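Peer 1: heads up, no residue letters with this:
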């Protein structure tokens, strides 16, 4: 077992332990809700300064939308910032970011939380702020895996997914019937649109992205996207791999060298 897989299983076990103490969970959620409101208010006030400071101090600029956790070297953003380093950003609105400014954009298990039309807008904004040759990585639930679970018999991985979801999110489920999991994916978590491969690839292409590549979770040939996935720490690697799909794509054009690289070329 790898260290990352072991950490993910420990996280899942900790969450299972918390469920045995509902009052502690309730109190923690109340405290967290107050903290989130404060963070969101302060982050909105400081947003312009935080973005300007990031742009001024980073030659390689990378934007994370819907931060699963702050990534070092990234401008981490979220509509509900979870810490003081995360910038408030509503991905359904125009980004307060100049055009052609970023080398990479990353959104993991966030895209399904906004309606389809808003998703089209978000991708157009991502294209706008990326430099020519800059790349985007989208990780989101895959619609097909839900329907695969309707087939009998369920595989060990599918059965494990059903039982994990039932134990943590749908304790009222009366059986290991996949229909409980399918309905949970559509109606829980604040999900608004679950994509299949064709629809997501079509949305990226319609926004203007090219060089579309379907990848794997926790893997990338792009150095900017290596070791950035975090959703697996919440659910474990097996479940994350089963439910997720990954697409990377590029903004047309040639990637421009950074200011530091241009200075090196002149010397």
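Peer 2: Yep, that arrived. Since this is a predicted model, take the numbers as computed values, not measurements. Residues are numbered from 1 along each chain as shown.
Peer 1: show me what contacts residue 210?
Peer 2: Contact analysis of residue 210 by CB atoms under 8 Å, 6 or more residues apart in numbering lists 249-252. For every residue, glycine as well, the C-beta is placed using N, CA and C.
Peer 1: Wait, residue 245 touches residue 142, no?
Peer 2: Yes. Shown here, residue 245 and residue 142 form a contact pair, counting by CB atoms under 8 Å, at 3.9 Å.
Peer 1: which residues do those two both contact?
Peer 2: Common contacts of residue 245 and residue 142 (CB under 8 Å, 6+ apart): 195, 197.
Peer 1: picking that back up, Serialize the contacts of residue 210 to a markdown table and add fields for distance to residue 95 and secondary structure.
Peer 2: Shown next, in a markdown table, are these (distance: CB to CB, whole Å; DSSP: H, G, I helix; E, B strand; the rest coil):
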| residue | distance to residue 95 | secondary structure |
| --- | --- | --- |
| 249 | 18 | strand |
| 250 | 18 | strand |
| 251 | 14 | coil |
| 252 | 19 | coil |
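Peer 1: for the stretch 1-150 of the chain, what spans make up the helices?
Peer 2: 3-18, 22-57, 116-129, 143-148 (DSSP state H, counting those that start in this stretch).
Peer 1: hey, least reliable of those by pLDDT?
Peer 2: Ranked on mean pLDDT, the bottom entry among these is helix 3-18, at a mean of 53.
Peer 1: quick one on the thing from earlier: mark which of the contacts of residue 210 are buried, thanks.
Peer 2: 249-251 (16 or more other CB atoms under 10 Å).
Peer 1: Poorly predicted segments of the protein, please.
Peer 2: 1-44, 255-267 (pLDDT under 70).
Peer 1: What residues are bridge-paired with the residue nearest the centre of it?
Peer 2: In the chain, the residue lying closest to the centroid (CA atoms, centre = their mean) is residue 108, at 1.5 Å. Beta bridges link residue 108 to residue 139 when assigned by DSSP bridges.
Peer 1: pretty sure it contacts residue 232?
Peer 2: No. Judged on CB under 8 Å, residue 108 makes no contact with residue 232 at a distance of 9.6 Å.
Peer 1: and the chain, what are its domains?
Peer 2: 3-142+195-266, 143-192 (automatic domain parsing).
Peer 1: hey, which of the ones you listed is tucked in deepest?
Peer 2: Among the domains of the chain, domain 3-142+195-266 has the highest mean neighbour count (mean count of other CB atoms under 10 Å), at a mean of 17.
Peer 1: which SSE is residue 162 in?
Peer 2: In this assignment (DSSP states H and E), residue 162 forms part of helix 156-169.
Peer 1: next SSE after that helix?
Peer 2: helix 178-187.
Peer 1: Just the residues contacting that next one, thanks.
Peer 2: 141, 146-147, 149-150, 154, 158, 161-162, 165-166, 169-170, 173, 191, 194, 243.
Peer 1: now residue 130, which residues is it bridged with?
Peer 2: residue 102.
Peer 1: residue contacts, it?
Peer 2: Contacts of residue 130 by CB under 8 Å, 6+ apart are 100, 102-105, 136, 251.
Peer 1: Need those residues in a markdown table (columns: distance to residue 186).
Peer 2: Compiled in a markdown table, the contacts of residue 130 are given as follows (distance: CB to CB, whole Å):
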| residue | distance to residue 186 |
| --- | --- |
| 100 | 37 |
| 102 | 32 |
| 103 | 35 |
| 104 | 30 |
| 105 | 26 |
| 136 | 25 |
| 251 | 32 |
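Peer 1: Tell me which two of the residues you listed sit farthest apart.
Peer 2: 100 and 136 (14.1 Å; CB to CB).
Peer 1: Contacts for the helix holding residue 162, please.
Peer 2: By CB under 8 Å, 6+ apart, the residues outside helix 156-169 that reach it are 12, 15-16, 19, 148-149, 154, 173, 176-178, 180-181, 184, 188, 235-236, 238-239, 242-243.
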